[in-house]
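Visitor: Build the 3D model from these lines:
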Amino acid sequence: MPSFVKMAEQITLEDVKSIAPATFADRSGRRYPCHTKSATYLSWLYFLDSEPDMQEKQARSVRENLDRMATVWGISGPNGPVTMLKKAFAKRAADAWPDLTDEDYGLIVDGHKLFPMPNAVSVKKAAEHLYANRDKYPYQWRKIAATRILHKAAEKQAELAEDTSEFLCKSAGYGFSTAEQLRAGLLKRAAAIAENPRMQSAAAAMRKYADEIAELTINGELLEKTASFLDELDRRLGLHKKYVTKYSNQVEIPLPEEVVFSTTEKQAQEKMSKVVILTNGEAYTKDDLEKAGHNTFCVALGDDVEDAMFDPVTKRLDVEKAAEVLPTLPRDDADNLSTALYAAGVRPVEIMGKRGQMLKAAGVSYDAAMDLSSWKNMEVNEGRKAHGINPRILTRADEIGAVSHKSNMPTFVI
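Guide: Next up is the predicted model:
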């Protein structure tokens, strides 16, 4: 125990009743008081011991408040008492799991093993840590760790917070974006670069790439390489310092994968479950089809359609049956139905920015969109000198570990 804890006055139950609610890390339950330095330290101790039994949403809120109060009392620095306490708990956990294999870690780099995941509780901690400190890890590290954490979460049946799960899916590459979304992300970075007068040529090059990528057919290879490109570029230009961090709602610069994989597979599946795509590429929501009316379908497809898609008594469209039948219509029938629906005031919807098209699996050369070597004419060196940005990208775990002692970069605590 730190000396300031040993020397602190004992707090009675009556004292706790008089403490302002805002000084508790768990305000609704009036638990984990942080009205003094010693109380904050002890609250951290009790929290770390009881956290495995807490719901993740509640644990996250308490953790944030404890972190904030530890900073207020000056006990959360690189070698601060709370940091050492976290490390002690991490060591105790590591000692309790001596038989972990490499598959039980989220990331292994140069012999450094990060994110141990022997059980559901540790999986949730690994996920939350990666999410909270996502700006501290290069993209390729985030991709590997996120993929492994998601697999472990499924294996251990660990329930992850919704926003954490969405972040992990994007980091793992389980998603996609339209060319329009990619263009918007590039333009946002161009605007950030342009804030430095010395980097106007870099901003111009980024805007050029944004216009070019808007004309490309998007596929998985292009998305993956674009994310890698943006990550490397962000670190060269220092833009990673402007990433949205922790749980802030203030939008600054999203991570590369949050731009490149803006829509997750889960979100896409939910969206696609609500639409019907005809063989002519037109897509309609199930709700709009139901509103179109009985006559619209009969005029376009003939009376035989009644038995296949309509209730024989009410003459109402059976949406689920229609979702099975309509995508199988011949192209001519699909065109006739589109014309009839248009006449009935029903319009097709946009799917991923292009009507009736998801991402096309077309071979597009990445070099046609972006090439880091083409940035050689940028005034990047001057920009680095002006802002003190290290031109070398940290790529090794021991390098990041060395920097963490100087920059308060957090180490993983399980």
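Visitor: So for the helix or strand hosting Ser50, what gets flagged as buried?
Guide: Using DSSP states H and E, the element containing Ser50 is helix 37-50. Within helix 37-50, the residues that count as buried by 16 or more other CB atoms under 10 Å are 37-45, 47-48. Just so you know, the C-beta spots here come from the backbone N, C-alpha and C atoms, and that holds for glycine as well.
Visitor: which other residues reach the following helix or strand past that helix?
Guide: Using DSSP H and E, the helix or strand that follows helix 37-50 in sequence is helix 56-72. Helix 56-72 is contacted by residues 23-27, 31-32, 34, 40-41, 43-44, 47, 51, 54, 76, 80, 82, 124, 128, 159-161, 164, 246-247 when judged by CB atoms under 8 Å, 6 or more residues apart in numbering.
Visitor: can you map out the strands along this structure?
Guide: Taking DSSP state E as the criterion, the chain carries its strands at 24-26, 31-33, 105-109, 112-116, 175-176, 263-264, 275-277, 283-285.
Visitor: Show me the contact partners of the second one.
Guide: So that's strand 31-33. 11, 16, 19, 23-26, 39, 43, 46-47, 62, 65-66.
Visitor: Adjacent strands (with direction) for that strand?
Guide: Partner strands and pairing direction for strand 31-33 (DSSP bridges) are strand 24-26 (antiparallel).
Visitor: tell me the average confidence for the strand it pairs with?
Guide: When pLDDT is averaged along strand 24-26, the result is 92.
Visitor: for stretch 306-319, same thing?
Guide: pLDDT averaged over stretch 306-319 gives 85.
Visitor: how close does Ala205 sit to Val259?
Guide: Note on Ala205: its distance to Val259, by CB to CB, to the nearest Å, is 17 Å.
Visitor: what does Leu182 give?
Guide: In terms of CB to CB, Leu182 sits 7 Å off from Val259.
Visitor: For the chain, give me the ranges with low pLDDT.
Guide: For the chain, applying pLDDT under 70 flags the ranges 244-251, 350-414.
Visitor: Quick check: Ser43 vs Lys286, distance?
Guide: Taken as CB to CB, the span from Ser43 to Lys286 is 51 Å.
Visitor: ok, residues contacting the helix holding Ser50?
Guide: Contacts for helix 37-50 (CB under 8 Å, 6+ apart): 2, 4-5, 8, 11, 25, 32-34, 62-63, 66, 69-70, 73-75, 81-82, 85-86, 89.
Visitor: Now the buried members of those residues.
Guide: Here, 16+ other CB under 10 Å leaves 2, 5, 8, 25, 32-34, 62-63, 66, 69-70, 73, 75, 81-82, 85-86, 89 buried among these.
Visitor: Let me see the contact set for the residue located most distally from the centre of the chain.
Guide: Residue farthest from the centre of the chain, counting by CA atoms, centre = their mean, is Asp303 at 49.0 Å. Shown in contact with Asp303 (CB under 8 Å, 6+ apart): no residues.
Visitor: ok, now how distant is it from Lys274?
Guide: Counting by CB to CB, the gap from Asp303 to Lys274 is 28 Å.
Visitor: so Tyr139 sits right up against Lys225, yeah?
Guide: No - using CB atoms under 8 Å, Tyr139 makes no contact with Lys225, being 11.1 Å away.
Visitor: Of these two, give the one with the bigger neighbour count.
Guide: The neighbour comparison of Tyr139 against Lys225 (other CB atoms under 10 Å) goes to Tyr139, with 23 against 18.
Visitor: List the contacts of stretch 138-146.
Guide: Counting by CB under 8 Å, 6+ apart, residues outside stretch 138-146 touching it are 106-107, 109, 114-115, 126, 130, 134, 137, 167-169, 171-173, 227-228, 230-231, 235, 255-257, 393-395.
Visitor: The same query, at a cut-off of 7 Å, please.
Guide: Stretch 138-146 is contacted from outside by 106-107, 109, 115, 130, 134, 168, 171-173, 227-228, 231, 256-257, 395, using CB atoms under 7 Å, 6 or more residues apart in numbering.
Visitor: Buried ones only from those, please, as a ChimeraX command.
Guide: In ChimeraX, a selection of the buried entries from the contacts of stretch 138-146 looks like this (16+ other CB under 10 Å):
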select :106,107,109,115,130,134,168,171,172,173,227,228,231,256,257
